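1. I'll drop the sequence and a predicted model, then ask my questions.
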Amino acid sequence: MLRNTESTYGKVTIIIHWLMVLMVVTLLTVGFIMADMDKGATRDSIIGLHKASGFVLLLLALFRWYWTLSGQNPKPIEGMTKAEIGISHAAKWTLLLLLLIMPISGVLMSMYFGYGISVYGLFEIPSFLAKNKDLGEAFEEIHEVIAYILIAVFCTTCCSRLKTSFYKQRQYTQPNARQII
Ligand code: HEM
């Protein structure tokens with residue numbers, strides 16, 4: 001079943017979800033490592049890979065928005081309080097928003113510094129913005145701050161998902177419900 005239903009997530013959502021989790025964790029780790037590296041060819045090639053993968057993640061995030069808004073989503077699990085449902089919804093939508101802002105800030109940072117994006121050497125997206133060092137530095141700052149916010153919301157979502165699993169184990173759930181974790 002490709003689409004989500006009232007009680008379960010579909011295959012497309014599940015595959016994209018885990019692909020994005022894997023990519024975000026890698027991009028965050030590599031991002032912090034490369035920010036501390038000395039300038040040179042190694043750092044440049046790692047930044048190139050980071051930018052290409054970040055761009056792919058942007059496309060996945062856009063698709064995820066389309067997929068979530070164009071279909072139905074599973075109802076909250078029975079037994080959860082209104083506050084828990086609210087927090088879990090807020091965390092989900094904040095995360096989806098951050099997963100757009102994060103790569104967009106990276107693209108704007110690169111372009112304002114005057115660089116395009118080579119997508120794994122397959123094709124090049126040229127910079128279509130006029131070079132502006134101040135704006136480049138502003139988006140560099142935004143890119144870093146959003147990374148920390150992303151980590152905080154990511155951890156909150158993980159805790160919320162673990163709690164959902166707990167409800168599931170305690171059999172407060174709909175019997176056929178299948179959560180992402
Ligand atoms: C969700 C996607 C992304 C994540 C999670 C991510 C994460 C990060 C992190 C954690 C850093 C280190 C920040 C610091 O300590 O200064 C970083 C740096 C960087 N990111 Fe990203 N990034 C993403 C997407 C992108 C994209 C799409 C681009 C450009 C097309 C990009 C370009 C850069 C560049 C150039 C740096 C190095 C800044 C510097 O230190 O000179 N990132 N990224």
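-> Great, that's in hand. Numbers count the residues shown, from 1 in each chain.

2. near the ligand, which residues of the protein are found?
-> By the rule Cβ under 6 Å from any ligand atom, the part of the chain lying against the ligand is 24, 27-28, 31-32, 35, 47, 50-51, 54-55, 57-58, 99, 102-103, 106-107, 109-110, 117, 140, 143-144, 147. (Glycine included, C-beta is placed from N, CA and C.)

3. who are the packing partners of the helix ranked longest in the chain?
-> Longest helix in the chain, counting residues (DSSP state H): helix 133-169. Applying 3 or more Cβ pairs under 8 Å, 6 or more residues apart in numbering; DSSP states H and E, one finds that helix 133-169 contacts helix 11-35, helix 82-112.

4. coming back round to it: just the buried ones from the residues of the chain next to the ligand, in ChimeraX syntax?
-> Buried residues within the residues of the chain next to the ligand, by 16 or more other Cβ atoms under 10 Å, are selected in ChimeraX with:
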select :24,27,28,31,47,50,51,54,55,57,58,99,102,103,106,107,109,110,117,140,143,147
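
5. tell me the contacts of the residue nearest to residue 98 when sequence neighbours are not counted?
-> Leaving aside its chain neighbours, residue 98 sits nearest to residue 150 (4.9 Å; criterion: Cβ to Cβ, 6 or more residues apart in numbering). Applying Cβ atoms under 8 Å, 6 or more residues apart in numbering to residue 150 gives the contacts 24, 28, 95, 98, 99, 102.
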